[in-house]
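J.: Structure here, sequence nowhere to be found:
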């Protein structure tokens, strides 16, 4: 349970810090607007000053200008209080002389003119001061030793500052806001942190958002958390103080410097650098010497850390740029490679498409070829059957002839038998029948043989068949060559021609060939081939 509660408190604090940081950024962005309003109020007072009707009225307007410049621009505040001091002396008004002297001594303290401030405070007769003047007198002395201690870094002066605070508390009205703030401050510097914290937080809750004292109270709470090394709470309360200072155009402030140191300890160098710069600008503009001295002691440290970080950033940026350049180059190379691959892929796809188209074409041709082969096989089967039928017919004829001869021999018809054996009519008839069957079978196997054969010959030398012819003698010779019978002797024996006749036919036809004669018979052998 305690762990959960602690976690909840941590989350709540983080949320509050984030919220105050956002408000602080927003307030900083409107800083010039607030200052314009401040300058506008000052200008209105200056216009009133020009129309003052009496020294007393002039004194009061210049006192108002002093109040306007007191935490904005010390030199201008000193100028108007000095003018008031002169008016008081001219009027010989003792209370006004004392009042202006006390206020001027306080301003000298802020401006770092400690000798003048001390001399002036010492010259003031305390016994002659009224209650309000005593309040200003003790406040000026307390501020003098506080500022002097901060400038000289001598702790004894802070003790004297607290001594005069005690005197201040004695004369402040107990119901006044200043009394409550000083009581809480006294407890804080006497290590009564818890009581101081309680009273200051109560005060903070009572004060209006833009009330000047809110900046002081929030700053004092921030100091409590600084002693506890609680950086988040420091940022939160110093942030509230800074917001109030900015909205009231208070250039004499400690909040921005304290914020810078808190962020620096938190290792947020960027924010530390922003706020230390703002603090330096305010201190220089306002001309608060002890603030300038304080800021000057921290500024080099924070600036050095910031410059080192900036250097690291630049180096990192260079590294990133180098890496990005290398990656961009690699990306370009990859892009080029991918582009080339895509181009190649496009070519491959185109080639693949062409190959596919070729394959489809080849497949069609293959189907056609397969069909032709099937037809060829069918033709072979058909002509094998015809071959056996022819052979069987010849055997029957031979057997019939043998029986006729035997019969005639038995009947002693020798003259008739002699006539039949000497007659060529039988052989002629059988040869014609054989050639006719050969022509039919060959042309069925190679139906375009005659056309293809004629294409190899000169146009005027092409063979023209008679109406009743299938093949003539020349075509039969080359038909046998197409069937693989190239030997003239075999051709002559098959066609029952003389060897000379076959030779003459072959030479005669070769002389009719178009182009080269050497490849003529090879071309004959390729007629009717299937091409895939």
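T.: Structure's in. What do you need? Quick caveat, the model's predicted, so the values are computed rather than measured. Residues are numbered from 1 along each chain as shown.
J.: So for stretch 53-63, mean pLDDT?
T.: Averaged across stretch 53-63, pLDDT comes to 95.
J.: Check stretch 264-272 too.
T.: 91.
J.: okay, how far is it across it, tip to tip?
T.: End-to-end distance for stretch 264-272: 5 Å, by C-alpha to C-alpha, to the nearest Å.
J.: Tell me which residues of it come out buried.
T.: Using 16 or more other C-beta atoms under 10 Å as the test for burial, stretch 264-272 gives 264, 268-269, 271-272. Where C-beta positions appear, they are placed from N, C-alpha and C, glycine not excepted.
J.: Show me the helices in the stretch 351-500 of the chain, by range?
T.: Secondary structure of the stretch 351-500 of the chain (DSSP state H, counting those that start in this stretch): helices at 414-422, 425-445, 449-455, 473-482, 488-495, 499-510.
J.: who wins for proximity to residue 183 among these?
T.: With C-beta to C-beta, the closest approach to residue 183 among those belongs to helix 449-455: 131.5 Å.
J.: what's near enough to touch residue 78?
T.: Residue 78 makes contact with 104, 107-108, 111, according to C-beta atoms under 8 Å, 6 or more residues apart in numbering.
J.: Let me fix that, I meant to ask about residue 491.
T.: Contacts here follow C-beta under 8 Å, 6+ apart; on that basis residue 491 touches 477, 480-481, 485, 497, 502.
J.: try it again with 10 Å
T.: Residues in contact with residue 491, defined by C-beta atoms under 10 Å, 6 or more residues apart in numbering, are 476-481, 485, 497, 499, 501-503, 505-506.
J.: can you tell me how far it sits from residue 453?
T.: 16 Å (C-beta to C-beta, to the nearest Å).
J.: Which one, of the helices of the stretch 351-500 of the chain, ends up nearest to residue 182?
T.: Per C-beta to C-beta, nearest to residue 182 of the helices of the stretch 351-500 of the chain: helix 449-455, 130.9 Å.
J.: low pLDDT regions in the stretch 401-532 of the chain?
T.: 401-402, 417, 420-426, 530-532 (pLDDT under 70).
J.: Give the closest residue to residue 48 in space, chain neighbours not counted.
T.: Nearest residue to residue 48, sequence neighbours excluded (C-beta to C-beta, 6 or more residues apart in numbering): residue 61, at 5.3 Å.
J.: Count the residues that sit near the one you found.
T.: 20 (other C-beta atoms under 10 Å).
J.: what about residue 47, which helix or strand?
T.: Per DSSP states H and E: residue 47 is located in helix 31-50.
J.: swap that for residue 240, please
T.: Here residue 240 sits within helix 231-247, counting by DSSP H and E.
J.: Need the max-distance pair from the buried residues of stretch 264-272.
T.: Pairwise distances across the buried residues of stretch 264-272 (C-beta to C-beta) peak at 8.5 Å, for the pair 264 and 271.
J.: And the residue of the chain positioned farthest from its centre, how close does it get to residue 418?
T.: Going by C-alpha atoms, centre = their mean, the residue of the chain most distant from its centre is residue 412, 122.0 Å out. The gap separating residue 412 from residue 418 is 12 Å, by C-beta to C-beta.
J.: Tell me which other helices or strands whichever helix or strand comes after the helix holding residue 240 touches.
T.: Sequence-wise, the next helix or strand downstream of helix 231-247 (DSSP H and E) is helix 255-265. Judged by 3 or more C-beta pairs under 10 Å, 6 or more residues apart in numbering; DSSP states H and E, the packing partners of helix 255-265 are helix 2-29, helix 212-227, helix 231-247, helix 269-286, helix 289-410.
J.: Walk me through the domains of this protein.
T.: According to automatic domain parsing, the chain comprises the domains 52-169, 424-525.
J.: Mind putting the ones you listed into JSON lines with distance to residue 19?
T.: Below are the domains of the chain laid out as JSON lines (distance: least, C-beta to C-beta, whole Å):
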{"stretch": "domain 52-169", "distance to residue 19": "26"}
{"stretch": "domain 424-525", "distance to residue 19": "101"}
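J.: Pick the most deeply packed of those.
T.: Mean neighbours per residue, mean count of other C-beta atoms under 10 Å, is largest over these for domain 52-169, with a mean of 18.
J.: and stretch 10-29, which residues are buried?
T.: Here stretch 10-29 shows 17, 20, 24, 27-28 as buried, counting by 16+ other C-beta under 10 Å.
J.: Could you export the residues you listed as JSON lines, including distance to residue 286 and pLDDT?
T.: Below are the buried residues of stretch 10-29 laid out as JSON lines (distance: C-beta to C-beta, whole Å; pLDDT from 0 to 100):
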{"residue": "17", "distance to residue 286": "28", "pLDDT": "91"}
{"residue": "20", "distance to residue 286": "24", "pLDDT": "92"}
{"residue": "24", "distance to residue 286": "20", "pLDDT": "92"}
{"residue": "27", "distance to residue 286": "18", "pLDDT": "94"}
{"residue": "28", "distance to residue 286": "17", "pLDDT": "92"}
